[in-house]
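Novice: From the sequence below, what's the structure:
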Amino acid sequence: MIAKQSIGKSFQGALAYNLKKMDQEKPEAKAELLATNFSSMKLEEMKKELAVMKAMNPRLTRNTWHTSLNFAIGEHLTNAKMKAIAEEYMTRMGFDNNLYCIFRHHDAGHPHCHILALRNRFDGTVVSDSQNYRQSETIVRELEQKYQLQVARNSRRSANKAPDKDELEMMQRTGKTSHKLILQEKVSEALKQSRTLDQFIRQLEKQGVHVLFNQASTGRVSGISYHMPGFRIRGQALGNHYKWGSIIKQIDYEQSRDGQAIRQANRRTTAQYGQKNGDGSERNHQQSQSTKGGVDQDYGRSAKPGSIPRFQNAGIGGANSPAKQTANEHGFDLQRAKDASEDLDHHLSGLRHSGSSGGNHVNPAAFILPVSDEDEATDRKRKWKNRDERRKIGRGI
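Specialist: Got it, this is the predicted structure:
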């Protein structure tokens with residue numbers, strides 16, 4: 001037996017969903033009420049009872065405990081036995097003095113029931129949700145032995161993700177099955193009909209489902225996501241049965257052989273649904289055209305903050321040219337630097353044409369811009385002035 005718990009805010013939404021299923025005509029879609037302690041099953045009367053209970057704990061917002069008990073495929077349980085198991089489970093979880101309903105559903109390939117209970121007790125206390133998962137696992141294992149049920153694996157490792165509160169409310173409003181449940185069914189069917197990965201991909205695409213693999217440059221795949229019109233979900237979020245690690249255990253897969261099929265599937269999915277990785281993250285990110293990461297229009301290369309334009313490419317230009325402004329800020333004599341650069345280019349060009357250095361020896365020191373004593377003194381004064389200003393600021397002057 002597997003127990004799936006959720007704690008939410010909308011008791012009425014989950015209740016209305018189950019009541020609506022009781023009115024279904026098809027046996028496989030119809031829900032049965034196994035037990036309840038509401039005085040009436042009319043929705044308006046039930047709302048009044050809920051309002052009274054909620055008024056006892058008005059600050060409790062997450063007041064709804066919704067749990068499904070799922071039994072093994074092929075396990076035959078009468079309504080009486082399922083009711084007894086559900087009531088004992090609920091009582092041992094602490095819901096022994098609360099409003100509740102137990103519904104049996106027939107819309108899956110295995111027997112299961114839903115327990116819907118209010119966390120508010122009749123005495124005004126609230127059922128704690130602390131360590132409820134660990135407590136549930138202990139109770140489930142003991143109930144399996146007591147009622148001779150097939151032992152199931154850990155509930156947290158269950159194959160399918162149960163519908164959450166929002167999905168239940170959506171199904172109640174629209175009367176339609178959620179995308180997640182539809183997709184679980186389609187993927188399961190594709191797995192049954194496929195022996196290879198390529199067949200699996202083709203079977204899904206026939207049903208309107210595209211897959212996107214998180215494939216590294218080495219060809220290794222680490223994740224998968226499923227895409228339908230208006231819906232996209234990672235394999236892990238769909239359920240353990242549908243994640244990549246489980247998929248490759250159910251079909252014949254070889255990285256070297258199936259790499260091309262994976263790349264082609266990615267291209268088809270990307271063309272239809274956009275650039276996403278198999279783990280759901282963005283594949284490409286557009287860079288913002290900021291000063292830091294933008295393109296410097298003067299010389300067509302990435303600009304670095306605080307960089308000084310290359311003189312021979314930027315040109316001297318007018319007083320407002322970027323090169324002129326940058327040179328002024330850094331105290332450069334732009335004309336002297338340009339002249340020295342041209343002289344150096346001239347001498348280096350002569351060396352290249354001569355084929356050897358010969359007697360054309362170049363003194364590198366000749367192209368180092370001279371710094372006068374006056375310039376050094378001015379620079380020292382500027383540093384001292386900045387130091388004095390920082391000291392004044394530190395003293396609060």
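Novice: Return the helix or strand in this protein with minimum mean pLDDT.
Specialist: Counting by mean pLDDT, DSSP states H and E, the chain has its least confident helix or strand at strand 295-296, which shows a mean of 31.
Novice: avg pLDDT for the longest strand seen in the chain?
Specialist: Assignment by DSSP state E gives strand 112-121 as the longest strand of the chain. The average pLDDT within strand 112-121 is 92.
Novice: now for whichever helix or strand comes after that strand, which elements pack on it?
Specialist: Per DSSP states H and E, strand 112-121 leads on to helix 132-146 as the next helix or strand towards the C-terminus. The contact analysis (3 or more C-beta pairs under 8 Å, 6 or more residues apart in numbering; DSSP states H and E) places helix 132-146 against strand 2-8, helix 79-92. For every residue, glycine as well, the C-beta is placed using N, CA and C.
Novice: now the angle from helix 132-146 to helix 79-92?
Specialist: Counting by axes from the mean of the first three to the mean of the last three C-alpha atoms, to 10 degrees, helix 132-146 lies at 140 degrees to helix 79-92.
Novice: could you check the angle strand 2-8 makes with helix 132-146?
Specialist: 150 degrees.
Novice: any idea of the mean pLDDT for helix 132-146?
Specialist: 91.
Novice: now Leu77, nearest residue through space, not along the chain?
Specialist: Nearest non-adjacent residue to Leu77, counting by C-beta to C-beta, 6 or more residues apart in numbering: Pro111, 5.3 Å away.
Novice: I'd like to know how far the one you found sits from Ile251.
Specialist: According to C-beta to C-beta, to the nearest Å, Pro111 and Ile251 sit 28 Å apart.
Novice: repeat for Gly8
Specialist: Remark: distance between Gly8 and Ile251 (C-beta to C-beta) = 36 Å.
Novice: Could you do Leu43 as well?
Specialist: According to C-beta to C-beta, Leu43 stands 46 Å off from Ile251.
Novice: Kindly report the same for Gln207.
Specialist: Distance of Gln207 to Ile251, given as C-beta to C-beta: 16 Å.
Novice: Likewise for Ile102?
Specialist: Between Ile102 and Ile251 the computed distance is 38 Å (C-beta to C-beta).
Novice: Which of these two has more residues huddled nearby?
Specialist: Ile102 (25 against 16; other C-beta atoms under 10 Å).
Novice: which residues sit against the one helix or strand the more buried one maps to?
Specialist: Taking DSSP H and E as the definition, one finds Ile102 inside strand 98-105. Residues outside strand 98-105 that contact it (C-beta atoms under 8 Å, 6 or more residues apart in numbering): 15, 18, 21-22, 31-38, 49-50, 53, 79, 82-83, 86-87, 90, 111-122, 127.
Novice: now stretch 189-207
Specialist: For stretch 189-207, the surrounding residues in contact (C-beta under 8 Å, 6+ apart) are 186-187, 209-211, 226, 247-248, 250-253, 258, 261-262, 265, 268.
Novice: these two touch, right, Ser128 and Gly94?
Specialist: Yes. With contact defined as C-beta atoms under 8 Å, Ser128 counts as touching Gly94 (6.9 Å).
Novice: between these two, who's got more neighbours?
Specialist: Per other C-beta under 10 Å, whichever of Ser128 and Gly94 has more neighbours is Gly94, with 19 against 10.
Novice: Next, the residue lying closest to that one once chain neighbours are set aside: phi, psi?
Specialist: Excluding its sequence neighbours, the residue lying closest to Gly94 (C-beta to C-beta, 6+ apart) is Val127, at 4.4 Å. Note on Val127: backbone dihedrals following degrees, to the nearest 10 are phi -70, psi 130.
Novice: What is the burial count for Val127?
Specialist: Neighbourhood size, Val127 [other C-beta under 10 Å]: 19.
Novice: Just confirm it contacts Trp65, I think it does.
Specialist: Yes. Under the criterion of C-beta under 8 Å, Val127 makes contact with Trp65 at 7.0 Å.
Novice: any common contacting residues for the two?
Specialist: Counting by C-beta under 8 Å, 6+ apart, the residues touching both Val127 and Trp65 are 95, 119.
Novice: quick one: Asn18 from Ser188, how far?
Specialist: Asn18 is 24 Å from Ser188, where distance means C-beta to C-beta.
Novice: still on that earlier bit, just the buried ones from the contacts of strand 98-105?
Specialist: Buried residues within these, counting neighbours by 16 or more other C-beta atoms under 10 Å: 15, 18, 21, 31, 33-35, 50, 53, 82-83, 86-87, 90, 111-121, 127.
Novice: who's in contact with the residue nearest to Leu77?
Specialist: For Pro111, the contacting residues are 70-71, 75-77, 82, 104, by C-beta under 8 Å, 6+ apart.
Novice: Which parts of the stretch 151-300 of the chain are strands?
Specialist: 210-215, 221-228, 231-234, 295-296 (DSSP state E, counting those that start in this stretch).
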